[in-house]
Every structure is written in structure tokens, then in C-alpha cells.
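Participant: heads up, no residue letters with this:
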């Protein structure tokens, strides 16, 4: 317990410092140097969007891992990201707002998931989570197939942009401040409900015996993950890996209780995506790499090293 408290104490100041350093580097890197207009109008909004996307994806991953009691769960396991991507492509094809299509797509997948996974949501049997995972995987496969079909209808002049967006792209991202506010609200919710979520991690039966409404807690987690994923995909496309690796990496560093993970997860997620985006636009200027590919290329080796050392 004392070792866990020391780890939490170190990360309590270390993560904000890390995020501040990453943000400072991000607003400094790029063509135009220290031009004030470029910093305020281009780089800072992009950094805010990266912070919001990273924080929300990490929170969505944490929610899924609590819900399924599986450290390998992430926002994509239940099909929310696939639905958001499908909705965004449909919006692009029919000239609607990208964010609206993304949120509607994620919401429809969520609705289908809740309807078909009602047995798990109301059950105190943790083994029923396998049903929810399989339903989510099938919904993700269907959404992916439909996305591929719709992409074949996208005009050639828009196809490259659509493909680039699908693998994660913060170029021209908007609503960064709104995403950051949403991430702060989600962190507050996770902190407020920390006791219920810690009890759910003990098992559904144990949580029920301790007086927790298991079905309502699961519904909260599904809604949180769906909203966070839909908002992130609407702004930046499908940025993978963040929701899986960030909560698990923090556990490897000694954080296991929700009171610690509630604030550490969004900070670490924000730092990871902003750092990856800085590399994506700074490695081969003036060209730009997909931020989703960079998060995986940079984060995966570090995560493997942490696993080996642990």
C-alpha cells in the first residue's frame, strides 16, 4: 500500500509536468517558428484538440476495462468507434456535418448493443461479458464493411482526405476546448463514482452484495465510453491504441485504485496524443503523418518494454 501511495504521489506531480512540457514543445514546433498568429490560430487549437481526444479515448478505454473487467478492452471493442467512423463517412458522402454523423453513428451502435446485450447488462454473472464482447465485435465488423462500401462511393478528390482522416488526423481539428471540457467532466464523474467502480472490479456478485446497482453502473460505463469515443472520432478520426495502453501502463506504474486512475488516465492520454501529433507533423515537414499510426508506432514499443520490465 505504501509503495502504491508513493507511485501515486510521484505521478500526481509528474504527469502534469509531462503534459506541460509536451504542450510547450507542440506549440513551438512547425513552420513559421514563433509567429504569434500561427501559434494562436493554428497550433494551440490543434494542441487543445489533441489533449481532448487523448483524454477522452483514455477515459473510454478505462470505462471499457472496468465494464468488462478485462485489461485488454478498449473503445473499439464494442463497436462504438466503428459506428462513429461509419456515420462520419456517410456525412462526408451526403454533405452533412462530420461531427453530427459521427455522434449519430456511435449512438446507433450503442443502441443496438444495449438492445442485444440486455442479458449482460442485467446479469450478475461476469461470464456474460463474453456475449457483449462478441456482439460488439460483430457490430464493429458490420460497421467496417459498410464503411468500405461507402468509401467506394466517395469522389476521388475527397477519397484521400477520407482515408487520412480514418487513420487519425488532427489537421484542421476544431472544438478542442469543448473536448477538453468534456474530458474534465468525465474525470469528475469517474472520481465521484470511484467507490462503485472499484467494487465492480471485484466482481458483479461482490458489487451487488455491497449494495451497488450493477445494471445501472454498467449502463453508465457504456454511455461514457460511447460519448467519449464518438466525440473523439468526430474530431480526429480513428486514433487507436490510446484507450488500450494508457490505463494499462498506469497500472504497471502502480496505480490501481479509481481515485488515482480518474485523474491520471486523462492526463496521460492527453500527453500521448499531443506528443504523437507533434511527431506526426514535425518528422518530415512539410508533410504530415497520420497521428493514429504514430501513437501505435511510438506507444507499442514503450508498452512492450514496460511489460518486460514489470
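Facilitator: Alright, I've got the coordinates. On a predicted model such as this, the values are computed, not experimentally measured, just so you know.
Participant: Tell me how many other residues crowd residue 20.
Facilitator: Counted with other Cβ atoms under 10 Å, residues neighbouring residue 20 total 11. All C-beta spots, glycine's among them, are computed from the backbone N, C-alpha and C.
Participant: give me the low-pLDDT residue ranges for the stretch 1-150 of the chain?
Facilitator: 1-7, 32-33, 118-128 (pLDDT under 70).
Participant: And the helices in it?
Facilitator: Counting by DSSP state H, counting those that start in this stretch, one finds helices in the stretch 1-150 of the chain at the ranges 2-28, 36-38, 44-68, 80-94, 98-116, 118-122, 129-151.
Participant: try the stretch 151-300 of the chain
Facilitator: Using DSSP H, counting those that start in this stretch, helices in the stretch 151-300 of the chain cover 156-166, 176-192, 194-201, 204-209, 214-236, 242-252, 258-282, 291-309.
Participant: could you dump these to a markdown table with distance to residue 37 and mean pLDDT?
Facilitator: Converted to a markdown table, the helices of the stretch 151-300 of the chain look like this (distance: least, Cβ to Cβ, whole Å; pLDDT from 0 to 100):
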| stretch | distance to residue 37 | mean pLDDT |
| --- | --- | --- |
| helix 156-166 | 25 | 71 |
| helix 176-192 | 17 | 94 |
| helix 194-201 | 43 | 91 |
| helix 204-209 | 53 | 82 |
| helix 214-236 | 23 | 85 |
| helix 242-252 | 30 | 88 |
| helix 258-282 | 17 | 92 |
| helix 291-309 | 23 | 78 |
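Participant: and residue 150, which of those is closest to it?
Facilitator: helix 156-166 (9.2 Å; Cβ to Cβ).
Participant: what's that closest one packed up against?
Facilitator: Packing partners of helix 156-166 (3 or more Cβ pairs under 8 Å, 6 or more residues apart in numbering; DSSP states H and E): helix 80-94, helix 129-151.
Participant: which one of those helices lies closest to residue 66?
Facilitator: Among the helices and strands packed on helix 156-166, helix 129-151 sits nearest to residue 66 (Cβ to Cβ), with 11.3 Å.
Participant: hmm, back to that, for the helices of the stretch 151-300 of the chain, which one sits closest to residue 28?
Facilitator: Nearest to residue 28, of the helices of the stretch 151-300 of the chain and by Cβ to Cβ, is helix 258-282 at 9.1 Å.
Participant: tell me what the closest one is packed against?
Facilitator: Using 3+ Cβ pairs under 8 Å, 6+ apart, the elements in contact with helix 258-282 are helix 2-28, helix 44-68, helix 176-192, helix 194-201, helix 242-252, helix 291-309.
Participant: got JSON lines for those, with distance to residue 88 too?
Facilitator: Converted to JSON lines, the helices and strands packed on helix 258-282 look like this (distance: least, Cβ to Cβ, whole Å):
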{"stretch": "helix 2-28", "distance to residue 88": "25"}
{"stretch": "helix 44-68", "distance to residue 88": "14"}
{"stretch": "helix 176-192", "distance to residue 88": "16"}
{"stretch": "helix 194-201", "distance to residue 88": "30"}
{"stretch": "helix 242-252", "distance to residue 88": "18"}
{"stretch": "helix 291-309", "distance to residue 88": "14"}
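Participant: Just name the most buried of the ones you listed.
Facilitator: Mean neighbours per residue, mean count of other Cβ atoms under 10 Å, is largest over those for helix 44-68, with a mean of 28.
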